[in-house]
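Asks: Below: sequence and its predicted model.
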Amino acid sequence: MGCGSLLGDLFYLADAWIASSYSGQAASHSPAPMTWTRGVGDDLKDDLRARLYRMHGEGQIGEEVLRALRALAERGQLRPADLAVHVARAGKGPHVRGDAATENALRGVRSRLAQLAQTRAGSEKVLADLKTRLADLDERVAAKEQAARQVLDQDEDTARQRLAEKTQLASSRERVEAQTQALRADLARLDDLYTQLEAKAAELESMQARIQLNQEMLK
């Protein structure tokens, strides 16, 4: 039973090496299906049969494949390569699907990170504008108070008007300050989320690397 691929050739060579380790004989370059004799060969035969049932129990092979391989085992023609090929086939499909799922998840996380970075840049600009606005209001509040002091002795009505204007400006400053503090809190939460997503991206990149490595090992 060959698999018609480089993987099959490698397993076929491995089969020869494994068989020689049990029989104590050197394998040829093109080994033929083995027939089993009593002795050490029977140990390998029993081991392969046990592995065959274990693969079926773990869902790596179906009932039809189990029957076919079991028939080979009964004739003494089941090779380690036959089982290895099916192990590779069973593991390759989920790896491919896992690789695609991991890639999609990683792409989504990276997209989200880019959005957060863009949002943060815009929020930083707004925060800078708010700080400039606060500084301007502080100057105008101080100027109104100074103006009220200067005219207090000569014109009380004008002084009261300047103080009223100062109160309005101070009220505006309180609102701007509240917006500034809220934006800073939002930026802090955004930074926390960004850090979490960066950690998730690193985790997904690690998973992707492991999947690709496993795929290379199965080639």
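Replies: Cool, got the structure.
Asks: Quick check on residue 75: phi, psi?
Replies: Dihedral angles phi and psi of residue 75 (degrees, to the nearest 10) take the values phi -90, psi 0.
Asks: Please enumerate the helices of this protein.
Replies: Defined through DSSP state H, the helices belonging to the chain, from first to last, are 6-23, 40-57, 63-74, 80-151, 156-218.
Asks: Residue 127 is in contact with residue 184, isn't it?
Replies: Yes: applying CB atoms under 8 Å, one finds residue 127 in contact with residue 184, separated by 7.0 Å. Backbone N, C-alpha and C define where each C-beta goes, glycine included.
Asks: With neighbour numbers in mind, choose between these two.
Replies: In this view residue 127 and residue 184 are compared by other CB atoms under 10 Å, and residue 127 has more residues nearby, 17 against 12.
Asks: Mark out where each domain of the protein begins and ends.
Replies: Domain assignment of the chain by automatic domain parsing yields the ranges 6-78, 113-218.
Asks: of all those, which lies closest to residue 101?
Replies: With CB to CB as the measure, domain 113-218 is the member of these nearest residue 101 (9.6 Å).
Asks: Can you redo the domains of the chain as CSV, where the extra columns are distance to residue 107?
Replies: Rendered in CSV, the data for these read as follows (distance: least, CB to CB, whole Å):
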stretch, distance to residue 107
domain 6-78, 29
domain 113-218, 9
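Asks: Turn these into TSV, columns for mean pLDDT.
Replies: Formatted as TSV, the domains of the chain follow (pLDDT from 0 to 100):
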stretch	mean pLDDT
domain 6-78	58
domain 113-218	90
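Asks: so which of the ones you listed gets nearest residue 105?
Replies: Residue 105 sits nearest to domain 113-218 of all the domains of the chain, at 5.6 Å, using CB to CB.
Asks: ok, back up a step: packed most tightly, which of the helices of the chain would that be?
Replies: Looking across the helices of the chain with neighbours counted as mean count of other CB atoms under 10 Å, the highest average goes to helix 6-23: a mean of 17.
Asks: what's near enough to touch residue 158?
Replies: For residue 158, the residues meeting the contact criterion (CB atoms under 8 Å, 6 or more residues apart in numbering) are 148, 151.
Asks: what's the spacing between it and residue 137?
Replies: With the distance defined as CB to CB, to the nearest Å, residue 158 ends up 21 Å from residue 137.
Asks: likewise residue 125?
Replies: Separation of residue 125 from residue 137 (CB to CB) stands at 19 Å.
Asks: and if you look at residue 103?
Replies: With distances taken as CB to CB, residue 103 is found 51 Å from residue 137.
Asks: go on, residue 68?
Replies: 84 Å.
Asks: and what of residue 176?
Replies: Noted for residue 176: a distance of 7 Å to residue 137, by CB to CB.
Asks: What of residue 148?
Replies: As for residue 148, its distance to residue 137 is 17 Å (criterion: CB to CB).
Asks: Equivalent analysis for residue 188, please.
Replies: 24 Å.
Asks: can you check residue 166 too?
Replies: Using CB to CB, which is the criterion applied here, residue 166 is 10 Å from residue 137.
Asks: And residue 182, by the same measure?
Replies: Separation of residue 182 from residue 137 (CB to CB) stands at 17 Å.
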